[in-house]
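S.K.: below: sequence and its predicted model.
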Amino acid sequence: MTTTARVVVLPQTGTELRVETVELPNPEPQQVVVKQFASGVCHSQLHQIHRPRKNPVVLGHESTGVVTEVGSAVTHVAPGDMVMVTWVPRNIESETQPPAAAQLQVRDGIAVSQNVFTWADHTIADQQYVVKVDPNIDTDVTAIIGCAVMTGAGAVINTAKVQKGESVAIFGVGGVGLSAVVGAKMVGAHPIIAVDLDDEKLAFAKQFGATHGVNAANEDPVAAIHALTVREGEFNFSQQPVSGADYTFDCIGIRQTMEQIVPACRSGYFGAKEGGTAVLVGVPTTPVELNPGDLLVNEKNFVGSIGGSCAPDHDFPRFLDWHNSGDLDLHAMVTARYNIDQINEAVTALEQGQISGRAILEFDH
């Protein structure tokens, strides 16, 4: 049985999104149909909107919903189950073949997705992108776990494996950066330094666990981070006092921040202790030029983190526990709500920096 869905479509040309009523195909053996409650509005979708493309595109990659139909080979969820849809396979080690991206017949051709599409009141996805969760979760704000929380908090706890007492600096405190702040708080990092261009966002970050705020519009964030992280009695290869954060996270991905996170890292300690680690979390939009001498002499690391190195089956229950305990305040993090017909308004607000935390789309249910 086919399912009628209202879906946001990005046409092959132009950036104006439209909402189209379509019929979802019957699920293939590995597919799941989900009636959705809410979806996150992620900054990475802006890159897709402004990127040249050969087909129409359907967007969105984090949501909550309920299963309405499953394919014949799906065993971990059934109709009526509460689920999250995400863009990272829930347990890729259990699969023998890569999950398939969804495709959809729309007005002007076959629309493709980047793994999944969640800007829709119903979606169809490979079962690997569908994670069963507790039926009693909040059905609105938890939608952002599938990207923002996973990407930010996961970068801290999975990619970097930050330990108690280690210092952290987070560049960009939107939804992903705030989630990184929470991840750092949960592992006992100190100090937790938030870096942004807006004093209100920096104050907001302190509600989630940041101990210091650095406004990069008013001061050099690299110098500020070093001033906050001097290690008495330790000296680097140049016989200067060791300073810098143990871990720095770029949750933006522009050239300026990518080139700041390595020098903001802690220098090594005469070869006895390696330097800090810079973690690229935000989607990069430009090439980057790093100082190889700094990497070499101070034994620093520069690594990437895709989706917070998360396994959703394992990590989502942990993030839901954080939310239930009040440590991850998703109600505060979600600062804007839109319905599907307001999608262009939501994208414009995101593009203009008007979303202080994370925005969501809510669907009638």
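M.R.: Now that the structure is in, tell me what you want to look at. Residues are numbered from 1 along each chain as shown.
S.K.: quick check: pLDDT value at the residue in the chain sticking out farthest from the centre.
M.R.: In the chain, counting by Cα atoms, centre = their mean, Gln239 sits farthest out from the average C-alpha position, at 38.7 Å. What the model reports as pLDDT for Gln239 is 78.
S.K.: which regions of the stretch 201-350 of the chain sit below the pLDDT cut-off?
M.R.: 271 (pLDDT under 70).
S.K.: all helices for it, in order.
M.R.: 221-228, 255-261, 292-297, 312-325, 330-333, 343-351 (DSSP state H, counting those that start in this stretch).
S.K.: so which bits of the second one are buried?
M.R.: Buried residues in helix 255-261, counting neighbours by 16 or more other Cβ atoms under 10 Å, are found at 257-261. C-beta coordinates here come from the backbone N, C-alpha and C atoms, glycine included.
S.K.: residues touching that helix, excluding its own?
M.R.: 169, 171-172, 221-222, 248-250, 278-280, 282, 284-290, 302 (Cβ atoms under 8 Å, 6 or more residues apart in numbering).
S.K.: then that helix to PDB, C-alphas only?
M.R.: C-alpha atoms of helix 255-261 as PDB (Å, rounded to 0.1, in the frame of the first residue of the first chain):
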ATOM      1  CA  ARG A 255      38.600  28.500   6.500                       C
ATOM      2  CA  GLN A 256      39.200  30.900   9.400                       C
ATOM      3  CA  THR A 257      38.100  28.500  12.100                       C
ATOM      4  CA  MET A 258      39.700  25.500  10.500                       C
ATOM      5  CA  GLU A 259      43.000  27.400  10.600                       C
ATOM      6  CA  GLN A 260      42.500  28.500  14.200                       C
ATOM      7  CA  ILE A 261      41.900  25.200  15.900                       C
END
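S.K.: how far off centre is it?
M.R.: Centroid separation between helix 255-261 and its chain, computed with Cα atoms, centre = their mean, to the nearest Å, is 18 Å.
S.K.: the fifth one too?
M.R.: Here the centre of helix 330-333 is set off from its chain's centre by 15 Å, with Cα atoms, centre = their mean.
S.K.: give me the contacts around that helix.
M.R.: By Cβ under 8 Å, 6+ apart, helix 330-333 touches 138, 141-142, 144-145, 148-149, 175, 178-179, 207-208, 323, 357-358.
S.K.: what does stretch 73-82 give?
M.R.: By Cβ under 8 Å, 6+ apart, stretch 73-82 touches 27, 29-32, 64-70, 83, 127, 130, 132-135, 137, 139.
S.K.: sorry, back to before: so how far is Val70 from the residue farthest from the centre of the chain?
M.R.: 64 Å (Cβ to Cβ, to the nearest Å).
S.K.: which one, of the helices of the stretch 201-350 of the chain, ends up nearest to Val88?
M.R.: For these, the distance to Val88 is smallest for helix 312-325, at 5.9 Å, taking Cβ to Cβ.
S.K.: buried ones in that closest one?
M.R.: Neighbour-count burial for helix 312-325, with 16+ other Cβ under 10 Å as criterion, is recorded at 312, 315-316, 318-320, 322-323.
S.K.: what of stretch 215-228?
M.R.: 215-216, 221-222, 224-226, 228.
S.K.: again with stretch 76-92
M.R.: So stretch 76-92, judged by 16+ other Cβ under 10 Å, has buried residues 76-77, 81-90.
S.K.: between those residues, which is closest to Leu328?
M.R.: Of the buried residues of stretch 76-92, the one sitting nearest to Leu328 (Cβ to Cβ) turns out to be Met84, at 14.6 Å.
S.K.: did I read that right, that closest one in a strand?
M.R.: Yes. Under DSSP: H, G, I helix; E, B strand; the rest coil, Met84 falls within a strand.
S.K.: can you name the residues bridging to it?
M.R.: Thr64, Val131 (DSSP bridges).
S.K.: confirm for me that it is in contact with Pro312.
M.R.: Yes. Counting by Cβ atoms under 8 Å, Met84 touches Pro312, with 7.3 Å between them.
S.K.: shared neighbours of those two, which are they?
M.R.: By Cβ under 8 Å, 6+ apart, Met84 and Pro312 have these common neighbours: 131, 146.
S.K.: tell me what the one helix or strand Ser39 maps to is packed against?
M.R.: Using DSSP states H and E, Ser39 maps to strand 31-41. With contacts taken as 3 or more Cβ pairs under 8 Å, 6 or more residues apart in numbering; DSSP states H and E, strand 31-41 sits against strand 62-70, strand 82-86, strand 122-126, helix 343-351, strand 358-362.
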